[in-house]
Structure formats: structure tokens, C-alpha cells
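Trainee: Provided below for reference: sequence and predicted model.
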Amino acid sequence: MVKKVVIPTEEYQQLSRFIIKWFDDNHELTLGQFESDIFLDELVKKIAPVLYNQGLDDAIKVAQNNMLTLEELLDLEKIVP
């Protein structure tokens, strides 16, 4: 099941304004709010899974490193006869 990424309204609006300004500044292309919102929606659909997977990979690496540390600490524990 694919879960839709929901961006809080204020952040969504900031990103949309950034897109409008960026296209105007860098390409002298004037986008309206509607075009910017559609572009942002499509961008999020494509980028969000990549960023999510990278975050998940990073979290797994941290967890694995913590497990190694725990295993090392357990190896240091003295065996009580």
C-alpha cells in the first residue's frame, strides 16, 4: 500500500512560492499558483519514496551499529561461575 505524503499547509505554500520564484529567477518563466502546486505534487510523488527509503536505510545502519555496540558490551561481560 502506498501512503500519500502529506505536507503541512504552511510548508506546502512556502514550497510552492519557492518554486514560483525559482522558475522566475532562473528561467524567466512565470508560473501561477496552480502550475506550481501541480509541479510540487508531482515532484513529491517522485522524490518522497527515494527520500523515505534513504532515511530507512540510514535508520537501519544506525540500529545495526547500536546492535554491534551492544554485542561488544555483552562480550566484555564476565562469566560468573
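Mentor: Arrived safely, thanks for sending.

Trainee: Need the residue closest to the centroid of this protein.
Mentor: Ranked by distance to the mean C-alpha position of the chain (C-alpha atoms, centre = their mean), the top residue is Leu51 at 4.0 Å.

Trainee: Need the per-residue pLDDT for that one.
Mentor: Looking at Leu51, its pLDDT reads 93.

Trainee: Just the helices from the chain, written as ranges.
Mentor: Assigned by DSSP state H, the chain shows helices spanning 9-27, 33-76.

Trainee: Would you tell me which of those gets closest to Lys3?
Mentor: Between Lys3 and these, the tightest spacing by C-beta to C-beta is seen for helix 33-76, at 9.4 Å. For glycine as for every other residue, the C-beta is placed from the backbone atoms N, C-alpha and C.

Trainee: Mind giving me the packing neighbours of the closest one?
Mentor: With contacts defined as 3 or more C-beta pairs under 8 Å, 6 or more residues apart in numbering; DSSP states H and E, helix 33-76 has these neighbours: helix 9-27.

Trainee: Alpha carbons only: can I get the helix it packs on in PDB?
Mentor: Extracted in PDB, the C-alpha atoms of helix 9-27 (Å, rounded to 0.1, in the frame of the first residue of the first chain):
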ATOM      1  CA  THR A   9      -0.300  23.600   4.600                       C
ATOM      2  CA  GLU A  10       2.100  26.300   5.600                       C
ATOM      3  CA  GLU A  11       5.200  24.400   4.400                       C
ATOM      4  CA  TYR A  12       3.400  23.400   1.200                       C
ATOM      5  CA  GLN A  13       2.600  27.100   0.500                       C
ATOM      6  CA  GLN A  14       6.200  28.100   1.200                       C
ATOM      7  CA  LEU A  15       7.500  25.400  -1.200                       C
ATOM      8  CA  SER A  16       5.000  26.500  -3.900                       C
ATOM      9  CA  ARG A  17       6.100  30.100  -3.600                       C
ATOM     10  CA  PHE A  18       9.800  29.000  -3.700                       C
ATOM     11  CA  ILE A  19       9.100  27.100  -7.000                       C
ATOM     12  CA  ILE A  20       7.400  30.100  -8.500                       C
ATOM     13  CA  LYS A  21      10.300  32.400  -7.500                       C
ATOM     14  CA  TRP A  22      12.900  29.800  -8.600                       C
ATOM     15  CA  PHE A  23      11.400  29.400 -12.100                       C
ATOM     16  CA  ASP A  24      11.100  33.200 -12.500                       C
ATOM     17  CA  ASP A  25      14.700  33.900 -11.200                       C
ATOM     18  CA  ASN A  26      16.400  31.100 -13.100                       C
ATOM     19  CA  HIS A  27      14.400  30.600 -16.200                       C
END
